[in-house]
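# Prediction below, plus the sequence it came from.
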Amino acid sequence: CSSDLTTVPASGTFSFTTANGILPTWASEDIVLVGVSPGSVVTAASNLSSRVSMPIVAKLGSANAAAGGFRFYNSRTGATVRCSTPVIDTRARVVDCVLPTGRNAQVLRISSIGSRSVVKGGSTMTWVYRKIVLRINGQQMADMLNASLDTSSFSPYVTVGVGDLVVTRDL
């Protein structure tokens, strides 16, 4: 990273929809996806998918900071793993979260990005990333989630969700 990078205010949204089979698998193990305000999780009436959405508040190079977050909650045991103030880094290809312990962890890995574009307006620049494919970031993270939530439903080998990132900042 260049040392002249500065964090700038930004706006936009990071959102993803859980992939086919993910929500039913989690539900069978009592795992629920919950929004952390101002982030939100909206589950389809069919209970087959959820849409997670968080507002973007700042940008530093390829890192885009969101407000709020989401958490995995075991409704049987009450255990929870919260992903607070996620940072979506399109170059490092990770979604980094602040965990309840206060430490950062790269919870999700971006396995691919379907398309990228940049739109320059009169006084703004907007980055649009479509079809961002998300997976649990490696076996160690899957093991941590499984142990913390008393489940075996997390794996780094399946797509957790597919989403979009739209970020606008003033020039």
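Good, I have the coordinates.
# Which residue would you name as the spatial centre of this protein?
Centroid-nearest residue in the chain, with Cα atoms, centre = their mean: residue 95, separated by 5.5 Å.
# Using the three-state scheme, assign that residue.
strand (DSSP: H, G, I helix; E, B strand; the rest coil).
# how about the helix ranked longest in the chain: buried residues?
Scanning the chain for the helix with the most residues, using DSSP state H, yields helix 138-149. By neighbour count with 16 or more other Cβ atoms under 10 Å, helix 138-149 contains the buried residues 141, 142, 144, 145, 146, 148, 149. Every residue, glycine included, has its C-beta placed from N, CA and C.
# need those residues in TSV with distance to residue 7, can you?
Below are the buried residues of helix 138-149 laid out as TSV (distance: Cβ to Cβ, whole Å):
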residue	distance to residue 7
141	26
142	31
144	28
145	29
146	34
148	30
149	32
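# Looking at those, which is nearest residue 30?
residue 149 (8.7 Å; Cβ to Cβ).
# before we move on, back to that, residues contacting the residue nearest to the centre of the chain?
Applying Cβ atoms under 8 Å, 6 or more residues apart in numbering to residue 95 gives the contacts 83, 86, 87, 88, 89, 106, 107, 108, 109, 110, 134, 137.
# do you know how far it is from residue 147?
Distance, residue 95 to residue 147, by Cβ to Cβ, to the nearest Å: 20 Å.
# cool, and residue 51?
Taken as Cβ to Cβ, the span from residue 51 to residue 147 is 27 Å.
# The biggest strand by length in the chain vs helix 138-149, what angle?
The residue-count maximum for a strand in the chain (DSSP state E) belongs to strand 104-120. Per axes from the mean of the first three to the mean of the last three Cα atoms, to 10 degrees, the angle that strand 104-120 makes with helix 138-149 is 120 degrees.
# Which secondary structure elements does strand 104-120 sit against?
strand 80-89, strand 94-98, strand 124-136, helix 138-149 (3 or more Cβ pairs under 8 Å, 6 or more residues apart in numbering; DSSP states H and E).
# in the shortest one, what counts as buried?
In this case it means strand 94-98. In strand 94-98, counting by 16+ other Cβ under 10 Å, buried: 94, 95, 96, 97, 98.
# Give me the spatial nearest neighbour of the second one, chain neighbours excluded.
The shortest distance from residue 95 to any residue that is not its chain neighbour, by Cβ to Cβ, 6 or more residues apart in numbering, is 3.9 Å, and that residue is residue 108.
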